[in-house]
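*Asks:* sequence and predicted structure are below.
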Amino acid sequence: MTGYITRIGILVVLSVFITLESQAQIGGYAMGNAKGIYFTSKLGPSMLVTEFYSDFSGNVTEFNNRPGPAFGFEISKYITENFEAGADLSFFWLYGENNSPNFSAIGFHATMMEPITDPVEYTTRLYGPKIFTRYHFNLSNPRKAHPVSIYFKTAIGILFYESELFYKYRTDNEIIFGKGIGANKTSKVSNAVYVLGSGFTYAISNRIDLNTAVNFNFVNYDFLDVVHNFDRQGNRQSILGLFSDLTVGISVKLDKSMVPFTKNKVKSPPPEYRPFYKRYR
């Protein structure tokens, strides 16, 4: 985990370096400066909030959930002054523990036919792409320096799981149950994720934005905490999962020279005018 966080820190530092380098090209602020392609790197915590029944009749919480890191990258474009669309690639870590396991799966799930008496933990690593839209409401005049906007976000994507449930005081890498990792790597899991979020954007310059965001991520699957849910008759429950992430990011507006597919084609210079030049056929 330390290695992952170190790499995340390096990426953030590189983003800040890019922003400092681009300062030399910054002009004045004006309406329309949002036009262009933005690259964003973001970092923050994520955590499993709860699981709840698909008919919204109640929720299920079988662990003491703890926050883990989240980071990601976005590329986006303002379609209008207020409407932004883009795509991102995000990574999340979810953690939790239970010192007195009494899961509904005990006695029903194949890996939990016997009671579990020792404390357990789970780790779920999620990653995947999404497409998103954001609608910005200006809180200050965008013609002035450092405009601020608040936005609302919707997104849809796919998540891939690397999940494991294990004893809290284990002495090796043995797990109770898991998917997508280690000996269970062939048991791959993925499903759709639906996102609702909000945040604000602060323009440090006409080329650099500071972004904060809080997102709520919904999945139609009861595996965020690595334990399936059953009723008293041993039937699988229809459960939805909800986890959140809170991130801070830096957005850099890319010049055409930084985006290969927007580079201007090299044009031949106009012919030089020579008054005494005579063309022969």
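*Replies:* Received, thanks.
*Asks:* my read: residue 46 touches residue 91, true?
*Replies:* No - between residue 46 and residue 91 there is no contact under Cβ atoms under 8 Å: 9.0 Å. C-beta: built from backbone N, CA, C; applies to glycine.
*Asks:* of these two, who's got more company?
*Replies:* residue 46 (24 against 16; other Cβ atoms under 10 Å).
*Asks:* distance of the more buried one from residue 215?
*Replies:* 9 Å (Cβ to Cβ, to the nearest Å).
*Asks:* who touches both of those two?
*Replies:* 244-246 (Cβ atoms under 8 Å, 6 or more residues apart in numbering).
*Asks:* would CSV of the residues you listed with pLDDT and neighbour count be doable?
*Replies:* Shown next, in CSV, are these (pLDDT from 0 to 100; neighbours: other Cβ atoms under 10 Å):
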residue, pLDDT, neighbour count
244, 98, 17
245, 98, 24
246, 97, 16
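*Asks:* quick one: low-confidence parts of the protein?
*Replies:* In the predicted model, the chain carries pLDDT under 70 at residues 1-35, 141-145, 256-281.
*Asks:* show me the strands in it, by range?
*Replies:* 37-53, 59-60, 64-66, 68-78, 83-98, 120-138, 148-167, 177-179, 190-203, 208-219, 239-254 (DSSP state E).
*Asks:* turn those strands into TSV, including distance to residue 113.
*Replies:* Converted to TSV, the strands of the chain look like this (distance: least, Cβ to Cβ, whole Å):
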stretch	distance to residue 113
strand 37-53	22
strand 59-60	21
strand 64-66	25
strand 68-78	30
strand 83-98	18
strand 120-138	16
strand 148-167	15
strand 177-179	12
strand 190-203	26
strand 208-219	27
strand 239-254	21
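*Asks:* how near is residue 207 to residue 250?
*Replies:* 11 Å.
*Asks:* my error: substitute residue 77 in the last question.
*Replies:* Note on residue 77: its distance to residue 250, by Cβ to Cβ, is 17 Å.
*Asks:* and if you look at residue 61?
*Replies:* Between residue 61 and residue 250 the computed distance is 35 Å (Cβ to Cβ).
*Asks:* and the two? Which one has more around it.
*Replies:* Shown here are residue 61 and residue 250; by other Cβ under 10 Å, residue 250 has more neighbours (19 against 14).
*Asks:* identify the bridge partners of the more buried one.
*Replies:* residue 41, residue 210 (DSSP bridges).
*Asks:* same question for residue 92.
*Replies:* Beta-bridge partners, per DSSP bridges, of residue 92: residue 70, residue 126.
*Asks:* before we move on, what about residue 190?
*Replies:* On the basis of DSSP bridges, residue 190 is bridged to residue 160.
*Asks:* same question, the one 5 residues further on
*Replies:* Legend: beta-bridge partners of residue 195 under DSSP bridges are residue 155, residue 217.
*Asks:* residue 157 and residue 197, how far apart?
*Replies:* Distance from residue 157 to residue 197, by Cβ to Cβ: 13 Å.
*Asks:* the residue nearest to the spatial centre of the chain: what's it in contact with?
*Replies:* Against the mean C-alpha coordinate of the chain, by Cα atoms, centre = their mean, the closest residue is residue 90 at 3.3 Å. Going by Cβ under 8 Å, 6+ apart, residue 90 touches 70-72, 127-128, 130, 245.
*Asks:* just the closest of those residues to residue 175, please.
*Replies:* Proximity of the contacts of residue 90 to residue 175 (Cβ to Cβ) peaks at residue 127, which lies at 19.5 Å.
*Asks:* can you pull the contacts of the closest one?
*Replies:* Counted by Cβ under 8 Å, 6+ apart, residue 127 has contacts 89-92, 159-160.
*Asks:* go again using 6 Å as the cut-off
*Replies:* 91, 160 (Cβ atoms under 6 Å, 6 or more residues apart in numbering).
*Asks:* and the one 3 residues further on, by the same measure?
*Replies:* Contacts were defined as Cβ under 6 Å, 6+ apart; by that measure residue 130 touches 88, 155, 157.
*Asks:* give me the number of residues near the last one?
*Replies:* Residue 157: 18 surrounding residues under other Cβ under 10 Å.
*Asks:* thought it was touching residue 192?
*Replies:* No - using Cβ atoms under 6 Å, residue 157 makes no contact with residue 192, being 7.3 Å away.
*Asks:* perfect, that will be all.
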